[in-house]
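Trainee: Need the 3D shape of this:
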Amino acid sequence: MTKNLFSFITIIVLIGSCSTSKNKIDAETQDFNGLTNGTHLFSTIKRSYCYGACPVYELKIYANGDATYHAIKNVELEGFYSGQVSQKSRDALSQKAKDIKYIEMKAVYDNPGISDLPSTTTSIVINGDHKEVRRRYGYPTELLAFEKLFDKIIASTLWEKLPNAEKE
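Mentor: As a prediction, the model looks like this:
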């Protein structure tokens, strides 16, 4: 009986540990959205189209500081670019995410009944935990401060245009 109880508890513990680690990332072998030179994706922002003059772009920042910027519309640059994001900027993103409790936020803030609102999707990996948040409507205002950091990174990074680049 004791042996069966021990086996049952062991199975429950193993199942529980698998479910809590499903968002964990092994930086050496796995990534949640692709690999660049064996380095996992650290943080992203993607701003979508709207009916007006909304900026439309996607920025991907990797753990080693490599970054790709796909500038699409209503932004200073247009096209595909690569650059290097400083450790200081990556640390600022991590700290802001911790300050606003980004990991604890809902995955989606939206109201499908409202049209002509662009969406912004951000993501970050903190301590191996990946979190992605899509916002369009009814979101915490703290999320905007996090997004502004990405805009500062774009403005302060020296971007190199990629000739004949195709989207990753």
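Trainee: Which residues are in contact with residue 43?
Mentor: The neighbourhood of residue 43, defined by CB atoms under 8 Å, 6 or more residues apart in numbering, consists of 61, 90, 93, 122, 123, 124, 125, 150. Heads up, the C-betas are built off the backbone N, CA and C, glycines and all.
Trainee: next helix or strand past the helix or strand where the first one lies?
Mentor: It stands for residue 61. Using DSSP states H and E, residue 61 falls within strand 56-62. Sequence order places strand 66-73 as the next helix or strand after strand 56-62, per DSSP H and E.
Trainee: in that following strand, what counts as buried?
Mentor: For strand 66-73, the neighbour count (16 or more other CB atoms under 10 Å) marks 66, 67, 68, 69, 70, 71, 72 as buried.
Trainee: could you pull out the helices for the protein?
Mentor: If DSSP state H is used as the criterion, the helices of the chain fall at 2-20, 87-99, 142-156.
Trainee: Lowest average confidence across those helices, which one?
Mentor: Note on the helices of the chain: lowest mean pLDDT is at helix 2-20, with a mean of 41.
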